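Colleague: following is a predicted model, sequence given first.
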Amino acid sequence: MKTLDQMVAQVNRAELKTVAVAQAEDEEVLRAVKKTRELGIGRFLLTGDKLAITELAEKMNIDLKDEGITFLDCTREKAAHEAVKAVHNQEAHVVMKGNIDTKTLLKAVLDKQYGLRAGGVLSHVALFEVPGQDKLIFLTDAAMNIAPTLGEKVQIINNAVEVASLAGWNLPKVAVLAAVEVVNPAMPATEDAAILTQMNRRGQISDCLVDGPLAFDNAVDKRAAEHKGVQSEVAGQADILMVPTIEVANALYKSFMYFAGAKVAAVISGAKAPIVLTSRADSAESKVYSLALALQSSKQ
């Protein structure tokens, strides 16, 4: 798969899934809703003040008579809870952040009664279309886990592999990044990478190929890997980049976007359903790509 549009094209249109939007009174969110309906890849349950959402949608020429758009009228304070509850009750398959803050939505996701806890770590999984590259590439974790432990890194890899597998990748290649490609006791990230690699070889991490430590160039460029004598099934052809800390992922994420002009889709994985947690500043295009990835990776 080389483009995010190809990923969108693969979404199952025969059995449309529903996205519950928490507080849908937002122009970019509604543009994404409109575009997603035009593409025919999903249905929507819009939570929040129905009158306010309707007035905004009418100004944007969005057809609210569309049978693929329904409403759950509630106060702003209850919007996140109602969206998450709809997924909990299997009335929807994906949760999407609307015009609310991330903390409020995640609080609802982690609610003990109606939340979407699955018992493990939640992690951010981004899928990039980088100009000049011949395939899409995943990056994890750029938003949730600050300095994950070894155990948390296992779960972050599992989350990313699950998203990739459901989206169409067969046995994705995971590069565990560090500053160098050799184990150095003075650099804990290299030791974790080597352990994760061994865990994969022994079947403790499955459904993927893991190798590390790998410096970024060795992970994504075959010539760089060959020049340094790095030989593995992952080096130079990684599908998933697993980073040691949030700072590394944040820098890579923004470098892809601002220096390379990349396009991105992103979801939060590890809950009982995918969560689309895009920024309010993200474009409608990015939100549509993220919705497509979430719909692809929904197991319900």
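Modeller: Done, it's in.
Colleague: for the helix or strand hosting Ser255, packing partners?
Modeller: Assigned by DSSP states H and E, Ser255 falls within helix 246-258. The contact analysis (3 or more Cβ pairs under 8 Å, 6 or more residues apart in numbering; DSSP states H and E) places helix 246-258 against strand 123-129, strand 137-140, strand 263-269. From N, CA and C alone the C-beta is placed, and that goes for glycine too.
Colleague: which helices and strands sit right next to the last one?
Modeller: Judged by 3+ Cβ pairs under 8 Å, 6+ apart, the packing partners of strand 263-269 are helix 4-9, strand 123-129, helix 150-166, helix 246-258, strand 275-276, helix 284-296.
Colleague: give the burial count for Tyr258, as a bare number.
Modeller: The number of residues packed around Tyr258, counting by other Cβ atoms under 10 Å, is 9.
Colleague: next one: the one 4 residues further on
Modeller: Burial of Ala262, expressed as a neighbour count using other Cβ under 10 Å, amounts to 21.
Colleague: among the helices and strands packed on strand 263-269, which is nearest Ala178?
Modeller: Comparison of the helices and strands packed on strand 263-269 against Ala178 by Cβ to Cβ identifies helix 246-258 as nearest, at 9.2 Å.
Colleague: related to what we said a few turns ago, so which of the helices and strands packed on helix 246-258 is the most packed in?
Modeller: Highest mean neighbour count of these: strand 263-269, a mean of 27 (counted as mean count of other Cβ atoms under 10 Å).
Colleague: and it with strand 123-129, angle?
Modeller: 160 degrees (axes from the mean of the first three to the mean of the last three Cα atoms, to 10 degrees).
Colleague: quick one: mean pLDDT over strand 263-269.
Modeller: Strand 263-269 shows a mean pLDDT of 96 in the predicted model.
Colleague: can you check which of the helices and strands packed on helix 246-258 gets nearest to Leu106?
Modeller: Nearest of the helices and strands packed on helix 246-258 (Cβ to Cβ): strand 263-269, 8.3 Å.
Colleague: please report how far Glu28 lies from Ala219.
Modeller: According to Cβ to Cβ, to the nearest Å, Glu28 and Ala219 sit 33 Å apart.
Colleague: between these two, tell me which one has more neighbours.
Modeller: The residue with more neighbours, out of Glu28 and Ala219, is Ala219; 29 against 19, by other Cβ under 10 Å.
Colleague: pretty sure that one sits against Ala235.
Modeller: Yes - between Ala219 and Ala235 there is a contact under Cβ atoms under 8 Å: 6.8 Å.
Colleague: just put the helices and strands packed on strand 263-269 in TSV and tack on distance to Ala225 and mean pLDDT.
Modeller: Listed next are the helices and strands packed on strand 263-269 as TSV, based on distance: least, Cβ to Cβ, whole Å; pLDDT from 0 to 100:
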stretch	distance to Ala225	mean pLDDT
helix 4-9	26	95
strand 123-129	20	97
helix 150-166	20	97
helix 246-258	18	95
strand 275-276	34	96
helix 284-296	28	94
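Colleague: can I get these in JSON lines with distance to Ala83?
Modeller: Shown next, in JSON lines, are those (distance: least, Cβ to Cβ, whole Å):
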{"stretch": "helix 4-9", "distance to Ala83": "23"}
{"stretch": "strand 123-129", "distance to Ala83": "19"}
{"stretch": "helix 150-166", "distance to Ala83": "20"}
{"stretch": "helix 246-258", "distance to Ala83": "26"}
{"stretch": "strand 275-276", "distance to Ala83": "10"}
{"stretch": "helix 284-296", "distance to Ala83": "13"}
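Colleague: out of those, which one sits most buried?
Modeller: Per stretch, and counting mean count of other Cβ under 10 Å, the top mean among the helices and strands packed on strand 263-269 goes to strand 275-276, which has a mean of 28.
Colleague: distance from that one to the middle of the chain?
Modeller: 7 Å (Cα atoms, centre = their mean, to the nearest Å).
Colleague: give me the neighbour count for Ser279.
Modeller: 13.
Colleague: same for the host helix or strand of Lys78, what does it pack against?
Modeller: Per DSSP H and E, Lys78 falls inside helix 76-88. Under the contact definition 3+ Cβ pairs under 8 Å, 6+ apart, helix 76-88 sits against strand 18-22, strand 43-48, strand 69-73, strand 94-97, helix 102-109.
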